[in-house]
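Engineer: Structure of the sequence below:
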Amino acid sequence: MFMSISTTGTAESPATDLGFLLHKHPGKVQRFGTSHGEAHVFYPEAGDELCTAALLLDIDPIALVRRGRGKGRGGSPDFALAQYVNDRPYAASSLLAVALRTVFRTAMKGVCEARPELADRPRPLRIALPAVPANGAGEGGGPAMVARLFEPLGWQVEAVAIPLDESFPEWGESRYVRIELVSATVRLADALQQLYVLLPVLDGAKHYWVAPDEVDKLLAAGEGWLADHPEQALIARRYLARRWSLTRTAMERLELARLAEADDREVEEIDNAVDDTDRPEPGAARPSGAEPAEDGVAQDGVAQDGVAQDGVPPKRPSLAEQRRAAILAALREVGAARVADLGCGQGELIGALLKDARITEVVGVDVSARALSAAARKLRLDRMPERQAARVKLVQGALTYTDARLKGFDAAVLCEVIEHLDEPRLPALEYAVLGAARPAAVVVTTPNSEYNVRWESLPAGHVRHADHRFEWDREQFRAWAERVARTYGYTVVIHPVGEEDSEVGAPTQLALFRIGTAAEPTTTGATGAGTEAARAATGAAGTTAPVRTTPEGGEPR
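Structural biologist: This next block holds a predicted model:
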């Protein structure tokens, strides 16, 4: 099994600098032990104008059989005879990829202590691989696959199919190709990382069991190039030996990395799944005078008519339950059947939506892969009846970017979402949701900061959750909602959610945007623990009349 790396140079920048980058002296032949044989590094040519480093991997077939327990390379066409007749000593595959990592580990990291300036600078490279298996397995193998994988990375690709027998051309082509890659823009470290990933991808199989840690290896080696590769899904699928659970994990993490890079933020900043299970808000805080129940939900000790029933105080609906009831009431009011839950978190609202037979489709969107995984577990999507499962879909996406998947819905919900964004990013969300996706209705809920003084354990001046970037009072929320409605041609009605306080209002505020025409204002009485759930959440004294608006020009980007 053979591979060569060549570069050119001048007297001022000699080609033998390749030795510094590879950490292998051009004047020596070096030998390295691997788990399946010996790797040799030598330089057939080393001069100022041209330098070539060669890697020769001498496979021990007996060691290969013993370590592989006779299982061959799962998925290989020659599986039945893999112990006795195989291509592994000759064709570049995952064995060569492992040898690359063993022999050139420091070079793959882009480290060159002797000449630090060399590592970050691309130089002319020519990489030759005399025999590489390119198994299509229904995915378009051969020279075409080599081009699909390497050309987007900046390589000029020459891939020639090797005939089964040159003396008998009528027998056709083998599954092997001869590859030459040429580039003057790719760093050597990146080239080695790409080969480490793409050689097993071309082969379509590995000589060892693919465990979950292979996802980490793929993402580490693919850093800086895999997230934007047009064949990203193909690469992940074939590198991970078509193990679908691992492939899904890899794709979710790649998408998260892409979104983080687009926002110029760390992955940990946006993959901050927030627990949205029912609980007093904020955290363990509770309103003045309320007593904590055993399950952590505040109770007031009176029944709906103000009298205890059988001496057992009734349970007051938590604020999260009241919020969901308000959202469901708003969706019924607009007659929504297809709903997008934007920033769905761990799927609490989705579960409530699926209980309503009038809702025919729910799409949950969240930037956090952890939140989506938690939502899938909580909703038990893997156990859900087929007809029910067909109603729900979870997708990963950032709400500050336009997304064609979100167009055409009857309604979109932003439940306790906007306060998790930095205020300068709100215009991007406004345009992505109301301007580009443009559902017929949008429901937005957010905390009322005026109510925070009623939480005994919340220090003055603090927001309710550590991840909240801001919290608005009623006037600020009204001004924002009216401006957004005017900009995008919606009307808006604002409702309080939860028990209203005569001085500071309700703990949560809800805005219902409707496209085109105005809705009738709601004028029901004050909310309280004793009213019917939906009306208690949405009908309250002081509810604003709808605001008729017309679009203003321009995207607020």
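
Engineer: list the contacts for Arg126?
Structural biologist: Shown in contact with Arg126 (C-beta atoms under 8 Å, 6 or more residues apart in numbering): 5-7, 180-182. From N, CA and C alone the C-beta is placed, and that goes for glycine too.

Engineer: try Leu118
Structural biologist: 17, 20-21, 112 are the contacts of Leu118 under C-beta under 8 Å, 6+ apart.

Engineer: could you pull out the helices for the stretch 1-150 of the chain?
Structural biologist: 18-22, 61-68, 94-103, 105-108, 116-119, 143-150 (DSSP state H, counting those that start in this stretch).

Engineer: what about the closest residue to His40 other than its chain neighbours, how many neighbours?
Structural biologist: Sequence neighbours aside, Leu56 is the residue nearest to His40 in space, at 4.5 Å (criterion: C-beta to C-beta, 6 or more residues apart in numbering). Leu56: 16 surrounding residues under other C-beta atoms under 10 Å.

Engineer: Leu56 bridge partners, please.
Structural biologist: Taking DSSP bridges, one obtains Phe2, His40 as the residues bridged to Leu56.

Engineer: Could you measure from it over to Ile350?
Structural biologist: 57 Å (C-beta to C-beta, to the nearest Å).

Engineer: Just send the helices of the stretch 1-150 of the chain back as JSON lines, with distance to Gln396 and mean pLDDT too.
Structural biologist: JSON lines is the format used below for these (distance: least, C-beta to C-beta, whole Å; pLDDT from 0 to 100):
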{"stretch": "helix 18-22", "distance to Gln396": "37", "mean pLDDT": "91"}
{"stretch": "helix 61-68", "distance to Gln396": "37", "mean pLDDT": "65"}
{"stretch": "helix 94-103", "distance to Gln396": "29", "mean pLDDT": "89"}
{"stretch": "helix 105-108", "distance to Gln396": "29", "mean pLDDT": "90"}
{"stretch": "helix 116-119", "distance to Gln396": "34", "mean pLDDT": "85"}
{"stretch": "helix 143-150", "distance to Gln396": "24", "mean pLDDT": "93"}
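
Engineer: any idea which helix is longest in this protein?
Structural biologist: Determined from DSSP state H, the single longest helix within the chain is helix 244-262.

Engineer: what secondary structure does Val433 sit in?
Structural biologist: Under DSSP: H, G, I helix; E, B strand; the rest coil, Val433 falls in the helix class.

Engineer: Begin at 704, not 1, for the rest of this chat.
Structural biologist: All right, first residue 704 from here; so that's Val1136.

Engineer: Nearest residue to it in space, ignoring adjacent ones along the chain?
Structural biologist: Ala1115 (5.9 Å).

Engineer: now swap in Glu1119 and tell me
Structural biologist: Thr1148 (5.8 Å).

Engineer: want to try CSV for the contacts of Arg829, with pLDDT, distance to Arg1128 and neighbour count as columns?
Structural biologist: Shown next, in CSV, are the contacts of Arg829 (pLDDT from 0 to 100; distance: C-beta to C-beta, whole Å; neighbours: other C-beta atoms under 10 Å):
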residue, pLDDT, distance to Arg1128, neighbour count
Ile708, 95, 45, 23
Ser709, 95, 48, 20
Thr710, 94, 45, 22
Glu883, 95, 46, 17
Leu884, 96, 41, 24
Val885, 96, 43, 15
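
Engineer: Pro1162 - how many residues pack around it?
Structural biologist: 8.

Engineer: Most neighbours among the contacts of Leu821, which one is it?
Structural biologist: Going by other C-beta under 10 Å, Leu724 tops these with 26 neighbours.

Engineer: That one is in contact with Ala822, isn't it?
Structural biologist: Yes. Contact criterion C-beta atoms under 8 Å: Leu724 and Ala822 qualify, at 6.6 Å.

Engineer: Overlap in contacts, those two.
Structural biologist: 815, 891-892.

Engineer: Adding distance to Thr809 and pLDDT as columns, could you present the residues you listed in CSV?
Structural biologist: Output for the shared contacts of Leu724 and Ala822, formatted as CSV (distance: C-beta to C-beta, whole Å; pLDDT from 0 to 100):
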residue, distance to Thr809, pLDDT
Cys815, 8, 84
Leu891, 11, 93
Ala892, 9, 93
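
Engineer: nearest to His743, of those residues?
Structural biologist: Sorting the shared contacts of Leu724 and Ala822 by distance to His743 puts Leu891 at the head of the list, at 19.4 Å, by C-beta to C-beta.

Engineer: What segments of the stretch 854-1003 of the chain are strands?
Structural biologist: In the stretch 854-1003 of the chain, the segments counted as strands under DSSP state E, counting those that start in this stretch are 859-866, 876-886, 994-995, 1001-1002.

Engineer: so which of the ones you listed comes closest to Gly750?
Structural biologist: strand 876-886 (19.2 Å).

Engineer: which helices and strands sit right next to that closest one?
Structural biologist: Applying 3 or more C-beta pairs under 8 Å, 6 or more residues apart in numbering; DSSP states H and E, one finds that strand 876-886 contacts strand 828-836, helix 846-853, strand 859-866.

Engineer: by how many degrees do that strand and strand 828-836 diverge?
Structural biologist: Computed by axes from the mean of the first three to the mean of the last three C-alpha atoms, to 10 degrees, the angle separating strand 876-886 from strand 828-836 equals 170 degrees.

Engineer: partners of strand 876-886 in the sheet?
Structural biologist: Strand 876-886 is paired, per DSSP bridges, with strand 828-836 (antiparallel), strand 859-866 (antiparallel).

Engineer: Alpha carbons only: can I get the longest one in PDB?
Structural biologist: The one in question is strand 828-836. Provided in PDB are the C-alpha atoms of strand 828-836 (Å, rounded to 0.1, in the frame of the first residue of the first chain):
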ATOM      1  CA  LEU A 828       1.200  19.700  -3.300                       C
ATOM      2  CA  ARG A 829       0.800  16.600  -5.500                       C
ATOM      3  CA  ILE A 830      -0.500  13.500  -3.800                       C
ATOM      4  CA  ALA A 831      -0.400  10.200  -5.700                       C
ATOM      5  CA  LEU A 832      -2.400   7.100  -4.700                       C
ATOM      6  CA  PRO A 833      -1.800   4.200  -7.200                       C
ATOM      7  CA  ALA A 834      -4.700   2.100  -6.100                       C
ATOM      8  CA  VAL A 835      -7.800   3.200  -4.100                       C
ATOM      9  CA  PRO A 836     -11.100   1.200  -3.900                       C
END
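
Engineer: Tell me where the model's unsure across the chain.
Structural biologist: Counting by pLDDT under 70, the chain has low-confidence residues at 766-789, 791, 840-841, 961-1018, 1160, 1163-1164, 1220-1260.

Engineer: for stretch 859-877, the distance to its chain's centre please.
Structural biologist: When C-alpha coordinates are averaged (C-alpha atoms, centre = their mean, to the nearest Å), stretch 859-877 and its chain have centres 41 Å apart.

Engineer: From the opening residue of it to its closing one, how far?
Structural biologist: 23 Å (C-alpha to C-alpha, to the nearest Å).

Engineer: buried sites along that stretch?
Structural biologist: Within stretch 859-877, the residues scored as buried using 16 or more other C-beta atoms under 10 Å are 860-862, 864-865, 877.

Engineer: same question, stretch 918-929
Structural biologist: 918, 920-922, 924-925, 928-929.

Engineer: starting at the chain centroid, how far to it?
Structural biologist: For stretch 918-929, the distance to the chain centre is 14 Å (C-alpha atoms, centre = their mean).

Engineer: quick one: contacts for Ala923?
Structural biologist: So Ala923 contacts nothing (C-beta under 8 Å, 6+ apart).

Engineer: measure it to Asp916 for me?
Structural biologist: 10 Å.

Engineer: Also Pro1130?
Structural biologist: Using C-beta to C-beta, Pro1130 is found at 42 Å from Asp916.
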